[in-house]
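# Predicted model and sequence below, questions to follow.
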Amino acid sequence: MEKTPKWVDVALIPFLNLLIAFVISGIVVLLIGEDPIKAIKVMVSGALGSPYGWGYTLYYATNFIFTGLAVAVAYHASQFNIGGEGQATLGGLGVALVCLALPWPHWSVALVAAMIGGALFGAAWAAIPAWLQAKRGSHIVITTIMFNFIGASLLNYMLVNVLRPRGAMDPATARFARETYLPTFHDLPVIGQFFSKSVPANISFFIALLACWLVWILIWRTKLGFEIRAYGRSESAARYAGISPVKVIMVAMLISGGLAGLMAINNVMGQGHRLVLNSVEGAGFIGIAVALMGRNHPVGVFLAAILFGFLYQGGGELALETTIPRELITVIQALVILFTGAFDNMLRAPIESFFVARANARKEA
Amino acid sequence: MVDVQANEAGRQATAALATQAPAIELKGISKAFGTVQANKDISIRVMPGTIHGIIGENGAGKSTLMSILYGFYKADAGEIWIKGQRTQIPDSQAAISAGIGMVFQHFKLVQNFTVLENIILGAEDGALLRPSLAKARKELKRLAEEYELNVDPDELIEELSVGHQQRVEILKALYRQADILILDEPTGVLTPAEADHLFRILDNLRKEGKTIILITHKLREIMEITDTVSVMRRGEMTATVKTAETSPEQLAELMVGRKVLLNVTKTPAQPGKTVLEVENLRVVDEDRVERLKGINLTIRAGEILGIAGVAGNGQSELLEVLGGFAKGTGTIRINGEEIDLTGKHSDGQSRRRRGISHVPEDRHHLGLILDFAAWENMIFGYHKDAAYQKNAFIMDNAGIVKHTQEAMERFDVRPPIPTLPAKSFSGGNQQKIVLAREIERSPALLLVGQPTRGVDIGAIEFIHKRIVELRDEGAAILLVSVELDEIRSLSDRIAVMFDGQIMGERLPEETDEKELGLMMAGVVN
Amino acid sequence: MDFGTIVEILDSAVRLGTPLLLACLAGLFSERAGIFDIGLEGKMLMAAFFSGAVAAVTGSAWLGLLAGVGGSMSLAMVHGLASITFRGNQLISGVAVNFLASGFTVLIAQSWFQQGGRTPQLSGHARFEPITLPGASAVKDVPVIGPLYSNLISGHTILVYVAFAMVPLTWWVLFRTRFGLRLRAVGENPESVDTAGVSVIRLRYTAVAITGVLAGLAGTYLATGLAAGFVKEMTAGRGYIALAALIFAKWRPVPALGATMLFGLLEAISNRYPNIDLGVVTLPIQFMQAVPYILTVVILAGFIGKAIPPRAGGQPYVKER
Amino acid sequence: EPALIYDLGGKFDKSFNEAAYNGAKKWAEETGGSYKELEMQSEAQREQALRKLAESGANPIVMTGFAFGDTLNTVAPDYPDTKFAIIDMVVDQPNVESVVFTEEQGSYLVGLMAGMASKTGTVGFVGGMDIPLIRKFACGYVQGVKAANPDAKVVQNMTGTTPAAWNDPVKGGEIAKAQISQGADVIYAAAGGTGIGVLQAAADGGILSIGVDSNQNYLHPGQVLTSMLKRVDNAVYDAFKEGADLKPGIKVMSLADDGVGVALDDNNKSLVTPEMLAAVDQAKADIIAGKVTVHDYMSDDSCPVQ
Ligand SMILES: Nc1ncnc2c1ncn2[C@@H]1O[C@H](COP(=O)(O)OP(=O)(O)OP(=O)(O)O)[C@@H](O)[C@H]1O
Ligand SMILES: Nc1ncnc2c1ncn2[C@@H]1O[C@H](COP(=O)(O)OP(=O)(O)OP(=O)(O)O)[C@@H](O)[C@H]1O
Ligand SMILES: [Mg+2]
Ligand SMILES: [Mg+2]
């Protein structure tokens, strides 16, 4: 059956799906009486046309790399983790607690501690659904959805009743000390000149790149990754080979939750400098679209994250420059998920049968 | 709609013509799944009131052909004639209206419905259930009396034994007034007693004038009950003969395309020290049914112990518990050392470290990961071996690919391309990959289940040869197969399993098919 | 807490439980047919918007209802297309449907009404008015029965009564009709239905369509019964709570009523008593809000009876590999 | 070009943010100028919203809501040449104007009217997010009610603890229904968009309600007793008008400056009796003259009356 070339699977089909998603989004824009061409122009110039735009595009992309990797790692173990939102929320809590706990001498020390805090909290939030799936067979999709809501309530409680400084009105933590602020692109040598002072993109971006590389190593180069992929492709065969399903599910989900939690070094420590409600802003869900588009490969995830960073930033500019609401991004996101995920067979089936027919024809000849 | 009416008319017409027109005639049926040509230009005629057998190797296309007749698959080309009428069968509804009923190899029952609910599903009268249920209850009683088909109409399917579930399937067809009944490998899952009962039922049905198509692998069954028999090979219909005018030998030849020399050339065994000792081994499955009821056996180095038995009598569980992916109680010793049966070390990798290799019965679900490349499949289960690691963290993928390439050449895997996914190899070549992986490490004990299922004849000989070679190198081998001939020709000793127990042991030269068959049926020991 | 307050809280629970009940029954039809639906939230939101918008424009709650059902139905068909025709991943499709609704409603609302993603405030016939049942005012002053009848039972909008009537109706359809038998069978083992000569595809589409209608009623009730118009994200997670209730009820209609009313009650209580003082501990409002989700996880974990979903649930029906 | 950022309740909350919008609209209509505006989608966007407008060269930038306080405090120094105005919060930066209102005074006046209009002697208060600012509304209101009727009971509820509480009309309606069942026959909603649900439930339940921030009397003519006007529109209008010359520092808008007040128009004419009018005028004069002081909850985080 394997007669379709690889490029079709990794490039052609995703591209066509994306194209359909964009065309439909364009039609929606037309429907609401706006000009799609102008919308694209605004998005491109808003997201790529200035150091400010670039800075925000990369900032958002950083978030999406983390959440996209989170979804991808779990996916390789055949676990559909839609709890990235909750795990990133808890990661934020972990990072904030670390940043507020001690008078950190330097950002680098604080960063290491915050990474541990964020990853631990994120992993902890994935651990319970993972354990329930592994041991009790509770459907992980449902439990992770539930944990998103429970996580939101927990954060709400922590911010309102525990972490809110005395006398403050909004449910947010105190500002972190200056020493914990991560260097932004503006502060970095060489590339600093291309970015203005106000951009939030910070060195977390490089940690995200590192995470991509590590995930690649993990999945395709280590024993653990081998076991994760084996279990993900065939549970029965994995059991035959003595691979423990409990171990694979737990480990993959802990790594997944940890990656989602790590996102907080970008948005909480690197940008907000304090923890506010809903600091994740849906990045956990966008991770699903990013992983789907990126075919669960770190390189694909990286590219898809950049694309979504662009959409997110460009969409924000749209809201400012035109009367198209920011929600257009949500629609595009939904369509990308729909076409690259749920409607995948729509194009795949005819394309594959085309190649099968071609292969059969060759055989005859 | 038109078809159905034409068909009604056809039914009456044939009633008048009676014996003339065949009940079923297929002309030039072809069907491909992707690049697999499952049926190639198949034609067949089945006369009314007869039992027509179809035999053929695994994957020969028998099930596919019947699924087409039943409207479950759509043929790419060809015609279907029912009782002398050209009939379109686009879906199962049309097949049912044409009087065809089918009992699939895998039953199509709703587990948590009652028997009655399953019977009426799709054949209800009117929108409300109550009248349909009442009618079906009456009808069921009548059918039960007429054909010895007793089942409790209010029992849930999941509470029924396999044999009873099969009866429900037959009742389903009869309730829909089928006069053509297709049974796909009906005895594979039955105990001998259940199989006998089934044949009595089939005989009754034939006497009532029903037409039956029986798919089976068992030549004995063909000879016993069918009137005519068709043989399929690699998607093609090779012959149709009257049962009375043929012999098992001839059928076997027709099946595989040449004279079958099932006897493997091997020297007498030179058994060495005891490798495997199993004492009072018990396994209870998820549904708390005891599948192994106290197995005792030993295998010595350099000998092959063959396990014969009807599928479902505990052979699979025996392999699973020895292979480390089912839990059990009792004692298992390898070279005198006891191994962990329930605890932390009762998994496949620990077993492999103890020198137990395992070629599983179902290579698609257990032995291979079809989406993985050949090289990944080649180390699967042994992936933690030091030889495959570059350092403490990273695996030596390039080295593994190279090693795989060599192994593929040694085992004549075609094509010898390590990066190809397993699913793109043919069944025989897939099996060779599994064998290469499990044999290459010179295990102390090799567990092999159904080593040649769905494998072509050339590969069968190759596989048999490697197994014998391994024995001669001093490995102990436990062979499980439903093919009695394979057991008889490969084994140095034969143990027969029935109902989770070993019925007894025989030496191959001191027994015959008949005795083994009786033991498999639980009759003698 | 006096009797009047209890009746008042129960009354509030009925109002707040009704959209959950409708959505839960919606999910029941789909999931019983083997199509997992985590897109209830999106369908409700879509219905809330279209019912609010059309009611605002036409001034008729009934036209709003029609539009709401239409909106929900369109998403139901997207889900059906993905899960039945294209044999895609039903969970991914559900996620997409939720996002689609979330973005689309605001986009269209902004374009139509320029009110920041709201519809205009509904009044008069654009809303479903409470119905006073016969004799409600007459018995008002009879102790116990009076408040129960006139406050709790009487005085809801038509959609509330429809929702409650749907419970026995759903039960009857599911367990007493041919359609119900086939629907349950297709969710357990679609091959059994297919080989019995019944179209799996048609059955599943029908189920998904019923889901669309019921989720449409749920959303319509939110915008034109409970509130007076659409505001963005007005479902606020109710679709997920309905899903939780469905699992809690183990995919059965009568327990679904119990589960949704329980969750409605929790919401009613937390509206009234943000922090519940139990002496030893004070339950903060955030805990009360999380209770439905926590309960669902506990149920899923199988510590209180096991919730076994329909066996074929979540898998597309593929005949040929 | 000036700019305006709305808080999470959104531009058309018919209340606080809409008042700001009306101010901007008035400025645009009068001067023919144009301005930029932005609505927030989530907490985390505040900083980007501010920066975006500052980068785009907008000046001054006005934002509605205390929640911008912390963010503005960090962003303002990065744009020393841009003027910012924040409503409802004091931010101590050299380029920021902080506009605060004496909501307790306006709430006192509507409380007075509520106390006089109530027949049951029980009135209600529905707050939005539970923060000191909203307690300030509540405290002023209670003082007014008690001034009219010392025996009156005030049922108080807050909608929530997060910004979502500004935009939850369904919950507002449920709370109002609960208050009605507790005997309240006048309910004051100081809850942004949530108030729409409160006013709706009050109208449905046949009782009176009091709107907030904008004039909400028109929402249910003849059923909204009055609205506590908080002239956010004037604050925005003034800031836009001053433009780049905006004066940094704290600007208090009190009853005396017409910064707060009660709404009287055709819609509530029939509800407001001459005695009420007289009492309100008297109280207004007394407060301006300093004869009556309305306690400010935020001065000591407590309220002398309940
Ligand atoms: N649904 C399917 N999709 C793709 N290939 C299939 C499908 N069903 C069968 N095949 C392939 O078609 C060929 C014929 O299969 P079929 O099941 O008809 O064989 P069979 O003779 O019934 O074998 P067995 O004795 O194992 O039952 C096999 O190679 C099989 O792998
Ligand atoms: N081409 C093949 N290569 C390898 N194994 C095969 C092949 N064809 C069949 N088999 C094996 O034989 C079994 C029967 O295959 P087939 O495709 O006919 O499936 P089936 O008739 O639906 O199921 P089964 O016979 O397993 O009950 C499968 O379990 C499969 O492992
Ligand atoms: Mg078969
Ligand atoms: Mg088969």
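Cool, the structure landed. Numbers count the residues shown, from 1 in each chain, chains lettered A, B, ... in the order given. Ligands and ions are numbered 1, 2, ... in the order given.
# The closest residue to D:E1 other than its chain neighbours: which element?
Nearest residue to D:E1, sequence neighbours excluded (C-beta to C-beta, 6 or more residues apart in numbering or on different chains): D:A58, at 5.5 Å. Any C-beta I mention is one placed from the backbone N, CA and C, and that applies to glycine too. Using DSSP states H and E, D:A58 sits within no helix or strand.
# D:A58: neighbouring residues, count only.
Using other C-beta atoms under 10 Å in any protein chain shown, D:A58 is surrounded by 24 other residues.
# Show the model's pLDDT score for it.
If you check D:A58, the pLDDT there is 86.
# Quick check: what element follows the longest helix along chain B along the chain?
Taking DSSP state H as the criterion, chain B has its longest helix at helix B:129-147. Of the helices and strands lying after helix B:129-147 in sequence (DSSP H and E), the nearest is helix B:162-175.
# how deep is residue 40 tucked in, by neighbour count?
If you meant another chain, say so; for now it's chain A. So A:I40, with other C-beta under 10 Å, has 16 neighbours.
# that's the wrong chain, I meant chain C
Neighbour number of C:L40 under other C-beta under 10 Å is 34.
# How about it: what's its closest non-neighbour residue?
C:G239 (3.8 Å).
# my guess is C:Q289 meets A:S153, correct?
Yes: with contact defined as C-beta atoms under 8 Å, C:Q289 counts as touching A:S153 (5.3 Å).
# Would you mind listing where the stretch 1-150 of chain A has pLDDT under the threshold?
Where the stretch 1-150 of chain A drops to pLDDT under 70, the residues are A:1-3.
# in it, which spans are helices?
For the stretch 1-150 of chain A, the helices defined by DSSP state H, counting those that start in this stretch occupy A:6-7, A:13-31, A:36-48, A:51-76, A:84-101, A:107-131, A:140-157.
# so can I have CSV of those helices showing distance to D:L277?
Listed next are the helices of the stretch 1-150 of chain A as CSV, based on distance: least, C-beta to C-beta, whole Å:
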stretch, distance to D:L277
helix A:6-7, 80
helix A:13-31, 51
helix A:36-48, 52
helix A:51-76, 54
helix A:84-101, 52
helix A:107-131, 58
helix A:140-157, 44
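# count of neighbours near the residue in the stretch 51-200 of chain C that chain B sits nearest to?
Nearest residue of the stretch 51-200 of chain C to chain B, counting by C-beta to the nearest C-beta: C:A196, 2.8 Å away. Neighbours of C:A196 under the rule other C-beta under 10 Å: 23.
# secondary structure class for B:G330?
strand (DSSP: H, G, I helix; E, B strand; the rest coil).
# Please report the distance of the closest residue to it other than its chain neighbours from D:A256.
Closest residue in space to B:G330, ignoring its immediate chain neighbours: B:L281 at 3.8 Å, by C-beta to C-beta, 6+ apart. According to C-beta to C-beta, to the nearest Å, B:L281 and D:A256 sit 95 Å apart.
# ditto for C:L243
C:L243 is 55 Å from D:A256, by C-beta to C-beta.
# picking that back up, contacts only, for the residue nearest to D:E1.
Counting by C-beta atoms under 8 Å, 6 or more residues apart in numbering or on different chains, D:A58 touches D:1-3, D:35-36, D:82.
# which of these lies closest to ligand 1?
Closest to ligand 1 out of the contacts of D:A58 is D:K36 (60.2 Å), distances taken as C-beta to the nearest ligand atom.
# Need the nearest residue in space to that closest one, chain neighbours excluded.
D:A3 (4.0 Å).
# ok, now which ones touch the residue of the stretch 151-300 of chain C found nearest ligand 2?
Of the residues in the stretch 151-300 of chain C, the one nearest ligand 2 is C:E191, at a distance of 11.4 Å by C-beta to the nearest ligand atom. By C-beta under 8 Å, 6+ apart, the contact list for C:E191 reads B:108, C:317.
# helix, strand or coil for it?
helix.
# sorry, back to before: please say which of B:L281 and D:A256 ends up with more neighbours.
B:L281 (23 against 15).
# My impression was that the more buried one belongs to a helix - is that right?
No: according to three-state DSSP, B:L281 belongs to no helix; its state is strand.
# Please report how far it lies from B:S491.
From B:L281 to B:S491 the distance is 20 Å (C-beta to C-beta).
# repeat for B:S43
40 Å.
# Who has more neighbours out of those two?
Using other C-beta under 10 Å as the criterion, B:S43 and B:S491 rank with B:S491 on top: 24 against 14.
# which residue packs closest to that one, ignoring adjacent ones?
Using C-beta to C-beta, 6+ apart, the closest residue to B:S491 is B:G306 (3.0 Å).
# For A:R348, give me its contacts.
Here A:R348 is in contact with A:I13 (C-beta under 8 Å, 6+ apart).
# what's the distance between it and C:V78?
18 Å.
# Kindly report the same for C:F29.
Counting by C-beta to C-beta - C:F29 and C:V78 are separated by 17 Å.
# Compare the two and say which is more crowded by neighbours.
C:F29 (27 against 23).
# if I pick the more buried one, what's in contact with it?
C:170, C:183, C:207-208, C:210-211, C:214 are the contacts of C:F29 under C-beta under 8 Å, 6+ apart.
# cool, and B:T50?
Contacts of B:T50 by C-beta under 8 Å, 6+ apart are B:206, B:211-212, B:226-228.
# Tell me the predicted confidence for it.
93.
# One more: the one 4 residues further on?
In this model, B:I54 is scored at 92, pLDDT.
# do the same with A:S353
pLDDT, A:S353: 83.
# now the one 10 residues further on
Each residue has a pLDDT score; the one for A:K363 is 71.
# so which strand or helix has it?
helix A:344-364.
# Tell me which residues of that helix come out buried.
A:344-348, A:351-352, A:356, A:359 (16 or more other C-beta atoms under 10 Å in any protein chain shown).
# And for stretch D:87-100?
In stretch D:87-100, counting by 16+ other C-beta under 10 Å, buried: D:87-89, D:91, D:93, D:95-100.
# got the buried residues for stretch B:473-485?
B:474-484.
# From the residues you listed, which land in strands?
Of the buried residues of stretch B:473-485, the ones assigned to strands by DSSP state E are B:476-480.
# how about low-confidence regions in chain B?
B:1-20, B:58, B:188-189, B:191-193, B:256-264, B:454, B:456-458, B:524-525.
# what's the domain layout of it?
Here the domain parsing of chain B from automatic domain parsing is B:20-256, B:272-355+B:444-525, B:364-440.
# starting at the chain centroid, how far to the shortest one?
In terms of C-alpha atoms, centre = their mean, to the nearest Å, the gap separating the centre of domain B:364-440 from the centre of its chain is 26 Å.
# Flag every residue of the stretch 201-350 of chain B that's near chain A.
Proximity of the stretch 201-350 of chain B to chain A (C-beta under 8 Å from any C-beta of the partner chain) is limited to residues B:323-325, B:347-350.
# how far away is B:R441 from B:E469?
Taken as C-beta to C-beta, the span from B:R441 to B:E469 is 14 Å.
# again, but for D:N215
97 Å.
# Only the buried residues of whichever strand or helix holds B:D196, if you could.
B:D196 is part of helix B:192-207, with elements assigned from DSSP H and E. For helix B:192-207, burial by neighbour count (16+ other C-beta under 10 Å) applies to B:192, B:194-195, B:197-199, B:201-202, B:205-206.
# Return it as CSV; C-alpha atoms alone will do.
Taking C-alpha atoms only, helix B:192-207 is exported to CSV below (Å, rounded to 0.1, in the frame of the first residue of the first chain):
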residue,chain,number,x,y,z
PRO,B,192,-15.0,-30.6,18.5
ALA,B,193,-18.3,-31.3,20.1
GLU,B,194,-19.6,-27.9,19.0
ALA,B,195,-18.3,-28.6,15.5
ASP,B,196,-20.1,-31.9,15.4
HIS,B,197,-23.3,-30.2,16.4
LEU,B,198,-22.8,-27.6,13.8
PHE,B,199,-22.4,-30.2,11.1
ARG,B,200,-25.6,-31.9,12.2
ILE,B,201,-27.3,-28.6,11.9
LEU,B,202,-25.9,-28.0,8.4
ASP,B,203,-27.0,-31.4,7.4
ASN,B,204,-30.5,-30.7,8.5
LEU,B,205,-30.5,-27.5,6.6
ARG,B,206,-29.4,-29.2,3.5
LYS,B,207,-32.2,-31.7,3.9
